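*Asks:* using only what follows, build the 3D model:
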Amino acid sequence: SPAWRGGLIAFASSRTGNGDIYVMNADGTGQTRLTSHAAIDGEPAWSPSGTKIAFSSSRSGLGDIYVMNADGTSATRLTTSPHVDLSPAWR
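*Replies:* So this is what the prediction gives:
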């Protein structure tokens, strides 16, 4: 599901045939693709500061939680469970 933060919406789309994370202005303009990994990326969640986006990804084989800068750089894996980790959320 999409995530709203300060006039921006982060969302997942498979418009290229693969699940990726995008961000756009609330009016639908300025759509920018943030991820382009061969794995499925989805479920974006903005950090409280708006500088990071957590997301789920199958990059490691199973679903894990990753975090990246809001511009799509520096994706880092946060979970390494042998189980599927989904639905990231910030506190």
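
*Asks:* what's the helix or strand of the chain at the bottom of the mean pLDDT ranking packed up against?
*Replies:* Least confident element among the helices and strands of the chain, by mean pLDDT, DSSP states H and E: strand 3-5 (a mean of 84). On a contact count with 3 or more C-beta pairs under 8 Å, 6 or more residues apart in numbering; DSSP states H and E, strand 3-5 meets strand 8-13, strand 41-46. Glycine gets a C-beta too; all of them are placed from N, C-alpha and C.

*Asks:* that strand: how far from the chain's middle?
*Replies:* Computed by C-alpha atoms, centre = their mean, to the nearest Å, the chain-centroid distance of strand 3-5 equals 11 Å.

*Asks:* show me the shaky parts of this protein.
*Replies:* Across the chain, the ranges flagged by pLDDT under 70 are 1.

*Asks:* mind listing what Pro2 touches?
*Replies:* Listed by C-beta atoms under 8 Å, 6 or more residues apart in numbering, the contact set of Pro2 reads 9-11, 44.

*Asks:* can you give the strand pairings for the least confident helix or strand of the chain, parallel or anti for each?
*Replies:* Strand 3-5 pairs in its sheet with strand 8-13 (antiparallel), by DSSP bridges.

*Asks:* follow-up on the earlier one: deepest-packed of the helices and strands packed on strand 3-5, please.
*Replies:* Of the helices and strands packed on strand 3-5, the one with the most neighbours on average (mean count of other C-beta atoms under 10 Å) is strand 41-46, at a mean of 21.

*Asks:* starting from that strand, tell me which strands it pairs with and how they run.
*Replies:* strand 52-57 (antiparallel).

*Asks:* between its first and last residues, what's the separation in stretch 71-82?
*Replies:* 29 Å (C-alpha to C-alpha, to the nearest Å).
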